[in-house]
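>>> could you work out the structure for the sequence below:
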Amino acid sequence: MTRVWKWNRPVTVREVLEDLKLERSIAYTTVMTVMDNLHQKGWVRRESEGRAYRYEAVSTRDAYAASLMNEDWGRSDNRAAALVAFFRMMSADQQEALRDAVRMVQGPDPAPEPATGPRAGTETPPPATPAPSGAPAAGTGSGEPVGPEAPAHGPTEPAPPEAPGSASPGTSAPGAAPPAPGPAEEDGER
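Got it, this is the predicted structure:
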(Lines give C-alpha, C1' and ligand atoms only; values in the text may rest on other atoms or scores of the structure.)
Protein backbone atom coordinates (compact mmCIF):
# COMPACT_ATOMS: atom_id res chain seq x y z
CA MET A 1 0.00 0.00 0.00
CA THR A 2 2.89 2.36 0.70
CA ARG A 3 3.87 2.41 -2.96
CA VAL A 4 0.30 2.71 -4.21
CA TRP A 5 -0.23 5.72 -1.93
CA LYS A 6 3.16 7.22 -2.76
CA TRP A 7 2.65 7.06 -6.52
CA ASN A 8 -0.98 8.20 -6.25
CA ARG A 9 -1.95 6.60 -9.57
CA PRO A 10 -3.05 3.18 -10.81
CA VAL A 11 -0.10 0.75 -10.68
CA THR A 12 0.61 -2.73 -12.00
CA VAL A 13 2.03 -5.66 -10.08
CA ARG A 14 5.15 -5.40 -12.29
CA GLU A 15 5.74 -1.74 -11.27
CA VAL A 16 5.44 -2.58 -7.59
CA LEU A 17 7.70 -5.62 -8.05
CA GLU A 18 10.43 -3.59 -9.78
CA ASP A 19 10.38 -0.98 -7.02
CA LEU A 20 10.49 -3.61 -4.26
CA LYS A 21 13.42 -5.40 -5.95
CA LEU A 22 15.52 -2.26 -5.31
CA GLU A 23 15.33 -3.15 -1.60
CA ARG A 24 15.12 -6.95 -1.55
CA SER A 25 14.58 -10.07 -3.58
CA ILE A 26 10.88 -10.87 -4.01
CA ALA A 27 8.84 -13.06 -6.37
CA TYR A 28 6.24 -11.71 -8.82
CA THR A 29 3.63 -14.13 -7.45
CA THR A 30 4.14 -12.79 -3.90
CA VAL A 31 3.42 -9.21 -5.01
CA MET A 32 0.49 -10.41 -7.13
CA THR A 33 -0.99 -12.30 -4.13
CA VAL A 34 -0.62 -9.27 -1.85
CA MET A 35 -2.27 -6.96 -4.42
CA ASP A 36 -5.12 -9.44 -4.88
CA ASN A 37 -5.57 -9.65 -1.09
CA LEU A 38 -5.70 -5.84 -0.89
CA HIS A 39 -8.38 -5.90 -3.60
CA GLN A 40 -10.37 -8.61 -1.78
CA LYS A 41 -10.27 -6.53 1.43
CA GLY A 42 -11.47 -3.43 -0.43
CA TRP A 43 -8.33 -1.34 0.03
CA VAL A 44 -7.65 -1.09 -3.71
CA ARG A 45 -9.81 -1.25 -6.81
CA ARG A 46 -8.52 -2.75 -10.00
CA GLU A 47 -9.17 -2.41 -13.70
CA SER A 48 -8.12 -4.87 -16.34
CA GLU A 49 -5.45 -3.67 -18.76
CA GLY A 50 -4.70 -6.38 -21.29
CA ARG A 51 -3.56 -9.47 -19.36
CA ALA A 52 -2.75 -7.49 -16.19
CA TYR A 53 -4.58 -5.32 -13.70
CA ARG A 54 -3.95 -1.74 -12.64
CA TYR A 55 -4.54 -1.21 -8.92
CA GLU A 56 -5.54 2.08 -7.34
CA ALA A 57 -6.01 3.01 -3.66
CA VAL A 58 -9.63 3.35 -2.56
CA SER A 59 -8.75 5.96 0.07
CA THR A 60 -5.81 8.10 1.11
CA ARG A 61 -3.23 6.99 3.61
CA ASP A 62 -4.58 9.61 6.05
CA ALA A 63 -8.13 8.30 5.73
CA TYR A 64 -6.87 4.76 6.24
CA ALA A 65 -4.94 5.76 9.39
CA ALA A 66 -8.05 7.56 10.70
CA SER A 67 -10.20 4.49 10.12
CA LEU A 68 -7.70 2.32 12.03
CA MET A 69 -7.68 4.78 14.95
CA ASN A 70 -11.48 4.92 14.97
CA GLU A 71 -11.76 1.14 14.82
CA ASP A 72 -9.37 0.66 17.75
CA TRP A 73 -10.94 3.50 19.74
CA GLY A 74 -14.35 1.89 19.22
CA ARG A 75 -13.09 -1.28 20.92
CA SER A 76 -12.34 0.58 24.16
CA ASP A 77 -14.65 0.13 27.14
CA ASN A 78 -13.87 3.70 28.25
CA ARG A 79 -13.37 5.95 25.23
CA ALA A 80 -12.56 9.06 27.27
CA ALA A 81 -9.80 7.23 29.16
CA ALA A 82 -8.43 5.85 25.89
CA LEU A 83 -8.26 9.37 24.44
CA VAL A 84 -6.54 10.74 27.54
CA ALA A 85 -3.95 7.96 27.39
CA PHE A 86 -3.46 8.61 23.67
CA PHE A 87 -2.98 12.37 24.23
CA ARG A 88 -0.40 11.70 26.95
CA MET A 89 1.65 9.63 24.48
CA MET A 90 1.81 12.48 21.96
CA SER A 91 4.83 14.64 21.36
CA ALA A 92 4.48 18.43 21.44
CA ASP A 93 4.41 18.48 17.62
CA GLN A 94 1.67 15.85 17.55
CA GLN A 95 -0.36 17.80 20.11
CA GLU A 96 -0.06 20.94 17.99
CA ALA A 97 -1.13 18.97 14.90
CA LEU A 98 -4.15 17.73 16.87
CA ARG A 99 -5.06 21.30 17.90
CA ASP A 100 -4.82 22.36 14.24
CA ALA A 101 -7.06 19.46 13.20
CA VAL A 102 -9.67 20.35 15.85
CA ARG A 103 -9.65 23.98 14.66
CA MET A 104 -10.17 22.81 11.06
CA VAL A 105 -13.14 20.67 12.07
CA GLN A 106 -14.72 23.27 14.36
CA GLY A 107 -14.17 26.20 12.02
CA PRO A 108 -13.00 29.67 12.97
CA ASP A 109 -13.68 31.04 16.43
CA PRO A 110 -16.74 33.30 16.48
CA ALA A 111 -15.86 36.99 16.63
CA PRO A 112 -16.25 38.44 20.12
CA GLU A 113 -19.22 40.75 20.60
CA PRO A 114 -18.34 44.45 20.71
CA ALA A 115 -18.12 45.89 24.20
CA THR A 116 -20.71 48.54 25.07
CA GLY A 117 -21.30 50.28 28.36
CA PRO A 118 -19.52 49.63 31.63
CA ARG A 119 -18.54 46.01 32.03
CA ALA A 120 -20.26 44.83 28.85
CA GLY A 121 -21.47 41.27 28.90
CA THR A 122 -21.75 41.15 32.69
CA GLU A 123 -25.30 42.42 32.92
CA THR A 124 -27.94 39.88 33.76
CA PRO A 125 -31.59 40.28 32.89
CA PRO A 126 -33.89 41.10 35.80
CA PRO A 127 -35.52 38.07 37.38
CA ALA A 128 -39.00 37.24 36.15
CA THR A 129 -41.75 38.17 38.55
CA PRO A 130 -44.21 35.40 39.21
CA ALA A 131 -47.83 35.94 38.22
CA PRO A 132 -50.35 36.35 41.02
CA SER A 133 -51.85 33.08 42.12
CA GLY A 134 -54.61 31.93 39.81
CA ALA A 135 -53.36 34.04 36.88
CA PRO A 136 -51.59 32.47 33.94
CA ALA A 137 -47.85 33.07 33.80
CA ALA A 138 -46.48 35.11 30.91
CA GLY A 139 -46.00 33.06 27.79
CA THR A 140 -48.24 30.21 28.96
CA GLY A 141 -51.03 30.59 26.49
CA SER A 142 -52.77 33.59 28.05
CA GLY A 143 -53.01 35.09 24.56
CA GLU A 144 -51.28 38.28 25.65
CA PRO A 145 -48.06 39.40 23.99
CA VAL A 146 -44.90 38.87 25.97
CA GLY A 147 -41.70 40.91 25.81
CA PRO A 148 -41.05 44.50 24.70
CA GLU A 149 -44.19 44.65 22.52
CA ALA A 150 -46.44 43.75 25.50
CA PRO A 151 -48.58 46.57 26.92
CA ALA A 152 -47.54 48.14 30.22
CA HIS A 153 -50.48 46.45 31.90
CA GLY A 154 -52.04 43.13 31.09
CA PRO A 155 -54.70 40.80 32.37
CA THR A 156 -52.74 40.12 35.56
CA GLU A 157 -52.20 43.79 36.47
CA PRO A 158 -54.83 46.51 36.83
CA ALA A 159 -54.61 49.52 34.53
CA PRO A 160 -52.81 52.50 36.03
CA PRO A 161 -55.11 55.01 37.72
CA GLU A 162 -56.36 57.94 35.65
CA ALA A 163 -54.54 61.22 36.12
CA PRO A 164 -56.48 63.85 38.10
CA GLY A 165 -58.70 65.96 35.90
CA SER A 166 -58.79 63.42 33.08
CA ALA A 167 -62.03 62.27 31.58
CA SER A 168 -63.63 59.10 32.75
CA PRO A 169 -63.93 56.21 30.29
CA GLY A 170 -66.49 56.87 27.58
CA THR A 171 -66.31 60.66 27.88
CA SER A 172 -63.95 63.16 26.35
CA ALA A 173 -62.29 66.14 27.90
CA PRO A 174 -62.89 69.41 26.07
CA GLY A 175 -60.44 69.70 23.13
CA ALA A 176 -59.13 66.14 23.58
CA ALA A 177 -59.00 63.58 20.82
CA PRO A 178 -61.53 60.78 21.03
CA PRO A 179 -60.27 57.64 22.76
CA ALA A 180 -58.72 54.92 20.56
CA PRO A 181 -61.10 52.07 19.84
CA GLY A 182 -60.65 48.96 21.98
CA PRO A 183 -60.57 45.41 20.63
CA ALA A 184 -64.38 45.04 20.65
CA GLU A 185 -64.88 48.45 19.03
CA GLU A 186 -62.57 47.62 16.13
CA ASP A 187 -65.01 44.93 15.00
CA GLY A 188 -67.88 47.40 15.10
CA GLU A 189 -69.30 45.97 18.36
CA ARG A 190 -69.93 48.13 21.43
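>>> could I get the full set of strands for the chain?
Under the criterion DSSP state E, the chain contains strands at 11-12, 44-49, 52-57.
>>> name the residues that touch the second one?
Which is strand 44-49. Strand 44-49 is contacted from outside by 1, 4, 10, 12, 35, 38-39, 53-58, using C-beta atoms under 8 Å, 6 or more residues apart in numbering. Where C-beta positions appear, they are placed from N, C-alpha and C, glycine not excepted.
>>> who wins for neighbours among those?
Per-residue neighbour counts (other C-beta atoms under 10 Å) across the contacts of strand 44-49 peak at Y55, which has 24 neighbours.
>>> is it true that that residue touches E15?
No. Applying C-beta atoms under 8 Å as the test, Y55 and E15 come out as separate, 9.5 Å apart.
>>> pLDDT at L68, what is it?
On the pLDDT scale, L68 is placed at 89.
>>> any idea how far it lies from W43?
Between L68 and W43 the distance is 12 Å, computed by C-beta to C-beta, to the nearest Å.
>>> neighbour count for those two, which is higher?
W43 (16 against 10).
>>> ok, that one to T30 distance?
Between W43 and T30 the computed distance is 17 Å (C-beta to C-beta).
>>> again, but for A85
37 Å.
>>> how many residues are close by S91?
By the other C-beta under 10 Å criterion, the neighbourhood of S91 contains 8 residues.
>>> please renumber so the chain begins at 41
All right, first residue 41 from here; so that's S131.
>>> could you list the low-pLDDT ranges of this protein?
In the predicted model, the chain carries pLDDT under 70 at residues 149-230.
>>> rerun at 50
Across the chain, the ranges flagged by pLDDT under 50 are 169-230.
>>> and the helices in it?
In the chain, the helices defined using DSSP state H lie at 42-47, 53-61, 68-80, 101-114, 119-129, 132-146, 223-226.
>>> could you dump those helices to CSV with distance to S88?
Shown next, in CSV, are the helices of the chain (distance: least, C-beta to C-beta, whole Å):
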stretch, distance to S88
helix 42-47, 17
helix 53-61, 13
helix 68-80, 12
helix 101-114, 25
helix 119-129, 42
helix 132-146, 39
helix 223-226, 81
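>>> which ones are touching the closest residue in space to W83 that isn't next to it in sequence?
Counting by C-beta to C-beta, 6 or more residues apart in numbering, V98 is the residue found nearest to W83 once chain neighbours are left out, at 5.9 Å. V98 sits next to G82, W83, V84, R85 when contact means C-beta under 8 Å, 6+ apart.
>>> most neighbours among these, which one?
V84 (22 neighbours).
>>> how much space separates that residue from L123?
Going from V84 to L123 by C-beta to C-beta gives 31 Å.
>>> kindly report the same for T73.
38 Å.
>>> hang on, the earlier thing: which of the contacts of V98 sits closest to R143?
Taking C-beta to C-beta as the measure, R143 sits nearest to W83 out of those, at 30.1 Å.
>>> my read: that closest one touches Y104, true?
Yes. Between W83 and Y104 there is a contact under C-beta under 8 Å: 7.5 Å.
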